[in-house]
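Asker: After the sequence you'll find the predicted model.
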Amino acid sequence: MRCVIARFPFELTKAGVLESMKGVKPEPVTGESVIIGRRHYPVKQVGQVITRQDRRDFSAAEVLRAMAQLGFTCRAVPKEAPLGMLSPMQHASAMLGTPATA
C-alpha cells in the first residue's frame with residue numbers, strides 16, 4: 001500500500017511492517033499505540049522504525065492512518081476518569097459509612 005508519511009511516499013505491506021518490527025523491544029506506551037503481533041508499540045516508535053526518520057519529522061496521526069489501513073489495531077490515548085468519580089472501592093466504602101464512635 002502506498003502512503004505518505006512526512007511528505008515522503010512509502011510502499012508498506014503488513015508483512016513488511018511485521019518483519020521490520022521483529023526483534024524491536026516496545027517502549028512504554030504513554031499515548032497512541034499500535035498492536036503488532038502481541039505487543040503494544042507507541043505510534044512514534046513504529047513510525048521511526050518503518051520510515052527510518054526522526055520522530056519529529058512525522059505526526060502520530062500519519063502513522064496511525066497508515067497502520068489502520070494495513071489492518072493493524074490502533075489504540076487512542078486512554079481517557080482518564082473525571083475527578084468527581086469514585087473508584088469501585090471508594091464507592092463501596094462510602095456505602096458502608098464511617099465507623100461509629102463510642
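Answerer: Thanks, I have the structure now.
Asker: Export only the CA atoms of stretch 7-25, formatted as PDB.
Answerer: Taking Å, rounded to 0.1, in the frame of the first residue of the first chain, the C-alpha atoms of stretch 7-25 are listed here in PDB:
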ATOM      1  CA  ARG A   7       5.800  14.200   2.800                       C
ATOM      2  CA  PHE A   8       7.700  11.100   1.700                       C
ATOM      3  CA  PRO A   9       5.900   8.200  -0.200                       C
ATOM      4  CA  PHE A  10       6.300   4.700   1.200                       C
ATOM      5  CA  GLU A  11       5.200   1.300  -0.100                       C
ATOM      6  CA  LEU A  12       4.100  -0.500   3.100                       C
ATOM      7  CA  THR A  13       2.800  -4.000   3.500                       C
ATOM      8  CA  LYS A  14       1.500  -5.700   6.600                       C
ATOM      9  CA  ALA A  15       4.200  -8.400   6.200                       C
ATOM     10  CA  GLY A  16       6.900  -5.800   5.800                       C
ATOM     11  CA  VAL A  17       5.900  -3.900   8.900                       C
ATOM     12  CA  LEU A  18       5.800  -7.200  10.900                       C
ATOM     13  CA  GLU A  19       9.300  -8.000   9.600                       C
ATOM     14  CA  SER A  20      10.600  -4.500  10.400                       C
ATOM     15  CA  MET A  21       9.300  -4.700  14.000                       C
ATOM     16  CA  LYS A  22      10.600  -8.200  14.600                       C
ATOM     17  CA  GLY A  23      13.000  -8.100  17.500                       C
ATOM     18  CA  VAL A  24      12.200  -4.500  18.400                       C
ATOM     19  CA  LYS A  25      11.500  -4.100  22.100                       C
END
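Asker: Where does pLDDT dip in this structure?
Answerer: Confidence mapping of the chain against pLDDT under 70 gives the ranges 78-83, 98-102.
Asker: how about 80 then?
Answerer: Counting by pLDDT under 80, the chain shows low-confidence ranges at 77-86, 97-102.
Asker: now the residue most central in space within it: how far from residue 48?
Answerer: Most central residue of the chain, judged by C-alpha distance to the mean C-alpha position with CA atoms, centre = their mean, is residue 33 at 1.4 Å. When distance is defined by CB to CB, to the nearest Å, residue 33 is 14 Å away from residue 48. Where you see a C-beta, it was placed from the backbone N, CA and C, and this is true even at glycine.
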